[in-house]
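**Q** Next input, structure requested:
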Amino acid sequence: MDDTGDRNTSVPELNTQLLRAAIKLNTWLLAGVFACVGGLTLFVMTYLSLYRGLPDPGQYLVLLSVFLPGYSVTNVGAWVGMFWGAVIGALLAVVFYRIYARSIAAQVISHTQRGGKERDLQSITLLLDGNYLGLAVGAVVALGLLVTTNWLVLRGTANESNNALLLANYLPGYDVSVMGSLIGALEVFSACYMLCLLFSFLYNSIVALRGK
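**A** Okay, the predicted model is just below:
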């Protein structure tokens, strides 16, 4: 009796450990995939810009040198860009997945504690949690805007950043300043959060219809 009781009480704990291990593995895998995609994308874009035969190669791509130290639209710059693309891609993937994975953990643990059947786990994990998805996407986009804007401020090129100032047409109150970056980050976070809620509602509705 005691052994059976111990086994029953250890099942949720074991499932939790397995879930955490799976999330950790998926985080590394997703980071690796995004690192490869980000690095190779910037690498290929740089070389395409170099050899497309125009008099001013990298006219717009060269703007990335403001945010990526050492990057330029050159042969050497392509490799530097691949490095930064890999780093940024991996970091964004980790931030996104670690935030969103909390919804998967919460759903699976709740299902296990209620004594749910294992065959139901697939349908549960197919559903999207709009709140966590909105937090993950919103956090990544807002963080990107905060970092890039404040980097321009620290460089002392805020007044020269005409391309960044174009965002003021879409984000009321935004400008290339510390306060402007906070206002812009809050606005893009809110917009992403609301869009994710809508997307999750539509997606989950389709999954529910397909499951009937």
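
**Q** all contacts plus neighbour counts: C-alpha atoms, from now on.
**A** OK.

**Q** Below-threshold pLDDT in this protein: ranges please.
**A** For the chain, applying pLDDT under 70 flags the ranges 1-16, 19, 53-59, 105-127, 160, 163, 210-212.

**Q** domains of it?
**A** 1-94, 127-212 (automatic domain parsing).

**Q** Please convert those to a markdown table, extending it with mean neighbour count.
**A** As requested, the domains of the chain are exported to a markdown table (neighbours: other CA atoms under 10 Å):
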| stretch | mean neighbour count |
| --- | --- |
| domain 1-94 | 16 |
| domain 127-212 | 17 |
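
**Q** Turn the ones you listed into TSV, columns for distance to I104.
**A** Shown next, in TSV, are the domains of the chain (distance: least, CA to CA, whole Å):
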stretch	distance to I104
domain 1-94	9
domain 127-212	8
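
**Q** Of all the ones you listed, which one is nearest S103?
**A** Closest to S103 of the domains of the chain is domain 127-212 (CA to CA; 6.0 Å).

**Q** any chance you could read off phi and psi for T157?
**A** phi -110, psi 20 (degrees, to the nearest 10).

**Q** Got the phi and psi for P69?
**A** According to degrees, to the nearest 10, P69 has phi -60, psi 130.

**Q** For the protein, just list every one of the helices.
**A** Taking DSSP state H, the helices of the chain run over residues 2-50, 75-113, 121-126, 130-155, 162-165, 178-211.

**Q** a markdown table for these, including distance to V66?
**A** Listed next are the helices of the chain as a markdown table, based on distance: least, CA to CA, whole Å:
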| stretch | distance to V66 |
| --- | --- |
| helix 2-50 | 15 |
| helix 75-113 | 12 |
| helix 121-126 | 40 |
| helix 130-155 | 8 |
| helix 162-165 | 12 |
| helix 178-211 | 17 |
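
**Q** do you know which of those lies nearest V62?
**A** Evaluated over these, closeness to V62 peaks at helix 2-50, with 9.0 Å, by CA to CA.

**Q** P69 is nearest to which of the helices of the chain?
**A** Checking the helices of the chain against P69 by CA to CA gives helix 75-113 as the closest, at 8.5 Å.

**Q** which residues sit against stretch 31-51?
**A** Applying CA atoms under 8 Å, 6 or more residues apart in numbering, the external contacts of stretch 31-51 come out as 57-58, 61, 73-75, 77-79, 81-94.

**Q** Kindly export it (C-alpha atoms) in PDB.
**A** Extracted C-alpha coordinates of stretch 31-51, given in PDB (Å, rounded to 0.1, in the frame of the first residue of the first chain):
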ATOM      1  CA  ALA A  31      17.600  28.700 -30.400                       C
ATOM      2  CA  GLY A  32      19.800  26.600 -32.800                       C
ATOM      3  CA  VAL A  33      17.300  26.800 -35.600                       C
ATOM      4  CA  PHE A  34      16.800  30.600 -35.200                       C
ATOM      5  CA  ALA A  35      20.500  31.100 -34.900                       C
ATOM      6  CA  CYS A  36      21.100  29.300 -38.200                       C
ATOM      7  CA  VAL A  37      18.200  31.100 -40.000                       C
ATOM      8  CA  GLY A  38      19.200  34.500 -38.600                       C
ATOM      9  CA  GLY A  39      22.900  34.100 -39.400                       C
ATOM     10  CA  LEU A  40      22.500  32.600 -42.800                       C
ATOM     11  CA  THR A  41      19.800  35.100 -43.800                       C
ATOM     12  CA  LEU A  42      22.100  38.100 -43.100                       C
ATOM     13  CA  PHE A  43      25.100  36.400 -44.700                       C
ATOM     14  CA  VAL A  44      23.200  35.700 -47.900                       C
ATOM     15  CA  MET A  45      21.500  39.100 -48.000                       C
ATOM     16  CA  THR A  46      25.000  40.800 -47.600                       C
ATOM     17  CA  TYR A  47      26.500  38.800 -50.500                       C
ATOM     18  CA  LEU A  48      23.500  39.300 -52.700                       C
ATOM     19  CA  SER A  49      23.700  43.100 -52.000                       C
ATOM     20  CA  LEU A  50      27.400  43.000 -52.800                       C
ATOM     21  CA  TYR A  51      27.100  41.300 -56.200                       C
END
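
**Q** Thanks a lot, catch you later.
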